[in-house]
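Undergrad: Give the three-dimensional model of this entry:
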Amino acid sequence: MTEQELIAGCQKGDSKAQKVLYERYASMMFGVCMRYLKNDMDAEEALLNGFMQIYKHIERFEAKGSFEGWVRRIMVNEALGFLRKKEPLHLAIEDGYTQIADQNGADNQLAEGELLAMLHSLPAGYRAVFNLYAIEGYSHKEIADMLNITEGTSKSQLSKARAMLQRKLNGLEAIAS
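TA: Residues are numbered from 1 along each chain as shown. Reported below is the predicted structural model:
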């Protein structure tokens, strides 16, 4: 089934097309949700809510960009909404370490699980801004609009998140689990 056929089927409410859509994107989008949320159950709930939003609003997809990008944006919004409910996005102010560790000591062979654990150890605000900017590719203006913060706060939170991750990579802080 082509992407256009899949979209058309979902727009008609065809359950087979909806199943194919879910099977095609679920594992990738679960990974997106896991970057924002700390446990599988929360990520799965955000994923399912995201697919419900996709099915409900698929007629809004205008084919101006990629369908995968549209799906991803819905999942990011669902994960952020869930994160706001579970962990307030008050943006943490970190005292102490303000220097950025050098990259030479970082282990480039970290497993995906270790990297995810490092992301999960960040305060919710740092984690959200880091994911939106570094992984999803949103601009600081877009992030500011999404999180209802200023662009300066977005830039500051990204900088602090990067510094914290660098320290963790260099073994200067224990990874919280």
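Undergrad: which helices and strands sit right next to the helix or strand of the chain with the lowest mean pLDDT?
TA: Every helix and strand in the chain was compared by mean pLDDT, DSSP states H and E; the lowest is helix 112-121, with a mean of 79. On a contact count with 3 or more CB pairs under 8 Å, 6 or more residues apart in numbering; DSSP states H and E, helix 112-121 meets helix 15-36, helix 124-130, helix 151-169. Placement of C-beta: from N, CA and C, glycine included.
Undergrad: Could you say which of those is packed most deeply?
TA: Scoring the helices and strands packed on helix 112-121 by mean neighbour count under mean count of other CB atoms under 10 Å gives helix 124-130 as the most buried, with a mean of 25.
Undergrad: how about the helices and strands packed on helix 112-121 in TSV, adding distance to Ile143 and mean pLDDT?
TA: Below are these laid out as TSV (distance: least, CB to CB, whole Å; pLDDT from 0 to 100):
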stretch	distance to Ile143	mean pLDDT
helix 15-36	13	95
helix 124-130	6	90
helix 151-169	4	90
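Undergrad: what would those look like in a markdown table with distance to Val71?
TA: Listed next are the helices and strands packed on helix 112-121 as a markdown table, based on distance: least, CB to CB, whole Å:
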| stretch | distance to Val71 |
| --- | --- |
| helix 15-36 | 6 |
| helix 124-130 | 19 |
| helix 151-169 | 24 |
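Undergrad: what about those, which gets the closest to His57?
TA: Closest of the helices and strands packed on helix 112-121 to His57 is helix 15-36, at 13.0 Å (criterion: CB to CB).
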